[in-house]
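> got a predicted structure plus its sequence, pasted below:
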Amino acid sequence: MMEDIKEHFVEYVALLIGMAVFVVLLVIYRFDKDALLIISGVGSAFYVAWGILHYVLRKRLTRTIVYEYVLFGILVFLLLFTVLSI
Amino acid sequence: MPFNLFKEKAQENPAVIKHWRKNPKSIEKYQFVYNFLPNPDKKRRASLISNKAVFIYCSLIVIVTLAFRIIPKFAPGVLGYASNINVKDLLEYTNGKREEVGLSDLKLNSKLTLAAQEKAADMFKDGYWAHVAPDGAEPWDFILAQNYDYIYAGENLAKNFSTSKEVVEAWYKSPSHKSNLLGANYDEVGFAVVNGVLNGYETTLVVQMFGRPREPSMVASVYEEESVLKESVNNSTLEPVKGSQTSALESSSFSPSTVVSTPKVDMTLAAKSISLAFGGFVGSLLAIDMWYSRKKGINKFTGQTFAHIIILIVVIISVWFVLQPGIVL
């Protein structure tokens, strides 16, 4: 794992920056439900795109991996949506 | 016991193979562990975090979210938002925000308070959540109905919040509500904090009405403000209103006190628990997967477990600490 992180350092830094921006936006717009829904959707889509791009760059992308990232993206959105929809 | 250990045992003692052939159930029993641990032979994650399992979790979350929408239609008042909101705190936090920018404090006015109470009761009665009622009644109509002759007036609304501080913070973060909160044209304010059932959910509505009387001499005196607050202290806790909208109106009639709402099922707690349970369960299995794979040197053809864990941790932190219920209008 550590070797993978070292080898693809830029990709992991991009992921961490993306997540940090995601959390900061959630805090800034924490009282605006519509904005929070949009941020959650964009954040989930960013994660799916990151995952797919990560494997495209390694030329190891398979259909199963695409499904996996799409499912995790949906799971992440739904976990946030459950709280935002109340 | 992982499958490769069976192989080792079988090589050591061929009688084991005989035993397995006679008792296939004994092998199945040990296969159960692969629900939680990665399978080294198939080079897959644990069954409970396979793509199929994640799809089932997503489906379950959708079903529960739909149930939250359907239950109030058949059992109004069962689901709701627990709250503990106090007029005294609302006034203090509002004036605190004004003091920060050098504005004078707002005085609590009995007529504006009554107008806010009537507006809250009207929203429960007609089942709406808006500045303008379905019959076209505007906030100013409620103020004028209390014979409050104003030159400037405004209204802020809030619902589903847990505490007074959250209400004022939410108004402060919204530009249009902030302009009311910090309006230099206002001298007086009235609050209504009313429990009731709105669209099937038990909730607490907060109405804040601002005004400047046409005659400066009409500005609420210290005595008037104290009498309104004194009433709130005498009736420091109202019993939560459950069921009919009429009872909400009756019990809340001009009692700007602490209003405690305790629904049978607190929506905030339920939604957060569901989100944290699913996120925590999947995250924990991913962490076990990563640790066990590293320990046993299992190379799987899957996505980045580390990245999945990180995003789930971010979501859990956001759900627990950042996301709160409550809407302002």
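Looks like it arrived, so ask away. Just so we're clear, the structure is a prediction, and the values are computed from it rather than from any experiment.
> not counting its own residues, what contacts stretch B:305-314?
When contacts are defined by C-beta atoms under 8 Å, 6 or more residues apart in numbering or on different chains, stretch B:305-314 is touched by residues A:1, A:5, A:12, A:15-16, A:19, A:22-23, A:47, A:50-51, A:54, A:72, A:76, B:45, B:279, B:282-283, B:286-287, B:289-290, B:293. For glycine as for every other residue, the C-beta is placed from the backbone atoms N, C-alpha and C.
> at which residues are the strands of the stretch 51-200 of chain B located?
With DSSP state E, counting those that start in this stretch as the definition, the stretch 51-200 of chain B shows strands at residue ranges B:79-80, B:83-85, B:107-108, B:150-159, B:188-198.
> tell me who's in contact with B:Phe210.
The neighbours of B:Phe210, taking C-beta under 8 Å, 6+ apart as the test, are B:Leu106, B:Leu112, B:Tyr152, B:Ala153, B:Gly154, B:Glu155, B:Asn156, B:Asn180, B:Gly183, B:Tyr186, B:Glu188, B:Val189.
> could you rerun that using 10 Å?
With contacts taken as C-beta atoms under 10 Å, 6 or more residues apart in numbering or on different chains, B:Phe210 has the following neighbours: B:94, B:106, B:109, B:112, B:139, B:143, B:150, B:152-156, B:180-181, B:183, B:185-190.
> in the chain, which spans are helices?
No chain specified, so I'll use chain A. A:2-7, A:9-28, A:33-58, A:63-84 (DSSP state H).
> um, chain B though
Assigned by DSSP H, the helices in chain B fall at B:3-12, B:15-22, B:24-31, B:51-74, B:87-100, B:110-126, B:139-145, B:164-173, B:175-181, B:222-234, B:245-252, B:267-296, B:305-317.
> looking at the ones you listed, which is closest to A:Glu68?
Of all those, helix B:51-74 sits nearest to A:Glu68, with 5.5 Å by C-beta to C-beta.
> hmm, that closest one in reach of chain A?
Yes. Applying C-beta under 10 Å from any C-beta of the partner chain, one finds helix B:51-74 touching chain A at B:51-55, B:57-62, B:64-66, B:68-69.
> can I get that helix in CSV? Just the C-alpha atoms.
Once side chains and other backbone atoms are set aside, the C-alpha atoms of helix B:51-74 remain, and they are given as CSV (Å, rounded to 0.1, in the frame of the first residue of the first chain):
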residue,chain,number,x,y,z
ASN,B,51,-19.9,-5.3,-5.0
LYS,B,52,-23.1,-7.3,-4.5
ALA,B,53,-23.1,-6.6,-0.8
VAL,B,54,-22.5,-2.8,-1.3
PHE,B,55,-25.4,-2.8,-3.7
ILE,B,56,-27.7,-4.4,-1.1
TYR,B,57,-26.6,-1.8,1.5
CYS,B,58,-27.4,1.0,-0.9
SER,B,59,-30.8,-0.6,-1.6
LEU,B,60,-31.5,-0.9,2.2
ILE,B,61,-30.6,2.8,2.8
VAL,B,62,-33.0,3.8,0.0
ILE,B,63,-35.8,1.7,1.5
VAL,B,64,-35.2,3.2,5.0
THR,B,65,-35.1,6.8,3.5
LEU,B,66,-38.4,6.1,1.7
ALA,B,67,-39.9,4.7,4.9
PHE,B,68,-39.1,8.1,6.6
ARG,B,69,-41.3,9.7,3.9
ILE,B,70,-44.1,7.2,4.0
ILE,B,71,-44.5,6.6,7.8
PRO,B,72,-45.7,10.2,8.6
LYS,B,73,-48.6,9.8,6.1
PHE,B,74,-50.0,6.8,8.0
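> how much space separates B:His308 from A:Lys59?
Using C-beta to C-beta, to the nearest Å, we find B:His308 at a distance of 21 Å from A:Lys59.
> more crowded one of those two?
B:His308 (27 against 6; other C-beta atoms under 10 Å in any protein chain shown).
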